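*Asks:* test case, fold it:
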Amino acid sequence: MAKTLVIDVTNVVGKTHPDDSVALYAPRVRGSADRAGGVVSTAARVVHLVDGQARVENVEPGPMVVEFHCANYLGGEPVEVVVPDGSGTVTLRALIESKFKYSPAVQTAVEKAADRAADSERATITAQRKAEDAASKANAKVDGALSDAVGALRKQVQADLSQVGAEVAKAAKAAEDAEKFKKAAEGALDSKADKTDPRFTDARPPRPHRMVEHSDWPGNIKPPMFLPVGLSTACRLPDGQLQVKETPTNKDHAASKKYVDDVAASIAPVVKQVGKWRFAKIGGVVTATLIYSATPSIIDTGKSGTSAEQIPAGFEPVEQDLSAFAAPHRETGKSAINIRARNRQEILLETFHANAGTVQPGVSITWIKG
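*Replies:* Residues are numbered from 1 along each chain as shown. Next comes the predicted model:
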């Protein structure tokens, strides 16, 4: 659930500036915690402060970068914080000082199938015990009938034997379900396997009752989750790969393998910063975002601003010339300030008239990579 962020910023003597602002953005593209199938981009949200204060609604849980723009200059290095899960209000000071940790709730097809397999296995054991109890009762009653009245107990014995048959059938059905869910779990793993990885092999000797050790295994993983097939624990690596540890339970079970999550790997952006601009490329789409305040170039006087930079190699647009709205002119009736990608090589802020003012961070333009 989204949080409400409360901001209160002053300088060391408790003073503020009318143009103070704070830029908030995700350090990297990630999945949304609130919207199923949603993605959080790296576009900045610029919050203008009134007397150093502001409230920001619907802040997504997860990592977030905070940049302070006070008195028209950047206030130090960006600060990376973590917005915790849950609703309600949290202060910017609490985010900076408390060092919250964030673990997105991700339940894969493997976990779901494994849970169903474990439930079916428990049902199998319970049904078998009931069958054994019913059989013991039936045998005891048969022994008593032989010494007393066989005819009087025959109906009861038949009922108990019928119950035994029902419990045995239930146990067989539960065992069949357990095997089915086990195969589903193994199939889900096989569908994700990167079989070109030389480490993907079952030829290694089993090591029962021991966790397989890897030098590249992250330390911040969840507690082990034991499954009937020997799977112990799994986590996602930063490069979009899924690492799995196994504790073999049979001699033919394999040790740990590494799998590739193509979806997670494909959305990892390529980011490059040039001057006052940050360029983020995902596939064939490039987004250029202003990350520091800047003044535009004035067309009618030829005066250069402070925003012009070269577009880095590999990020150039298909079109020769692009333009996007950046901010209104300071004076009423004058032309707006635009972002312009010129000659596929240069990006800058541009307007026709003087006295345009300063453009705050957060404005952006998106194009198709050439």
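*Asks:* going forward, measure contacts between C-alpha atoms and count neighbours the same way
*Replies:* OK.
*Asks:* where exactly do the helices run in the protein?
*Replies:* 92-98, 109-147, 150-192, 262-266 (DSSP state H).
*Asks:* residue ranges with poor pLDDT in this structure?
*Replies:* Counting by pLDDT under 70, the ranges of the chain that qualify are 1, 72-76, 102-115, 117, 141-154, 157, 185, 187-267.
*Asks:* can you list the domains in it?
*Replies:* 3-98, 267-368 (the TED database).
*Asks:* which stretch among these is buried most, on average?
*Replies:* Of the domains of the chain, the one with the most neighbours on average (mean count of other C-alpha atoms under 10 Å) is domain 267-368, at a mean of 18.
*Asks:* hang on, the earlier thing: dump the domains of the chain to CSV, plus distance to Lys180.
*Replies:* Converted to CSV, the domains of the chain look like this (distance: least, C-alpha to C-alpha, whole Å):
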stretch, distance to Lys180
domain 3-98, 29
domain 267-368, 33
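*Asks:* Ala184 is nearest to which of these?
*Replies:* domain 3-98 (23.6 Å; C-alpha to C-alpha).
*Asks:* follow-up on the earlier one: so which of the domains of the chain comes closest to Glu186?
*Replies:* So among these, domain 3-98 is nearest, using C-alpha to C-alpha, at 25.0 Å.
*Asks:* endpoints of the closest one, how far apart?
*Replies:* One end of domain 3-98 to the other measures 16 Å (C-alpha to C-alpha, to the nearest Å).
*Asks:* check stretch 277-288 too.
*Replies:* 6 Å.
*Asks:* what does stretch 328-339 give?
*Replies:* 12 Å.
*Asks:* what lies in contact with that stretch?
*Replies:* Residues outside stretch 328-339 that contact it (C-alpha atoms under 8 Å, 6 or more residues apart in numbering) are 296, 323-327, 347-353, 355-357, 364-365.
*Asks:* OK, contacts around the nearest residue to Lys272 once chain neighbours are set aside?
*Replies:* Taking C-alpha to C-alpha, 6 or more residues apart in numbering, and ignoring the residues beside it in sequence, Lys272 has Phe279 as its nearest neighbour in space, at 5.2 Å. Phe279 makes contacts with 271-273, 286-289, 315, as judged by C-alpha under 8 Å, 6+ apart.
*Asks:* among these, which ones are in strands?
*Replies:* 271-273, 286-289 (DSSP state E).
*Asks:* hmm, which two among those residues are most spread apart?
*Replies:* Gln273 and Val286, at 12.7 Å, using C-alpha to C-alpha across the ones in strands among the contacts of Phe279.
*Asks:* quick revisit: and the contacts of Phe279, which is closest to Ser307?
*Replies:* Once C-alpha to C-alpha is applied, the member of those that ends up nearest Ser307 is Thr289, at 11.5 Å.
*Asks:* residues contacting the residue nearest to the closest one when sequence neighbours are not counted?
*Replies:* Of all residues not flanking Thr289 in the chain, Ser364 sits nearest, at 4.2 Å (C-alpha to C-alpha, 6+ apart). Taking C-alpha under 8 Å, 6+ apart, we find Ser364 in contact with 43, 287-290, 326, 339.
*Asks:* for Gly370, same thing?
*Replies:* 314-319.
*Asks:* let's see that with 6 Å instead.
*Replies:* 316-318 (C-alpha atoms under 6 Å, 6 or more residues apart in numbering).
*Asks:* and it, how far from Gly284?
*Replies:* From Gly370 to Gly284 the distance is 8 Å (C-alpha to C-alpha).
*Asks:* now swap in Gln310 and tell me
*Replies:* Counting by C-alpha to C-alpha - Gln310 and Gly284 are separated by 19 Å.
*Asks:* Ile347 now?
*Replies:* 18 Å.
*Asks:* quick check: the residue nearest to Lys272 vs Val363, distance?
*Replies:* 12 Å.
*Asks:* do the same with Asn355
*Replies:* 19 Å.
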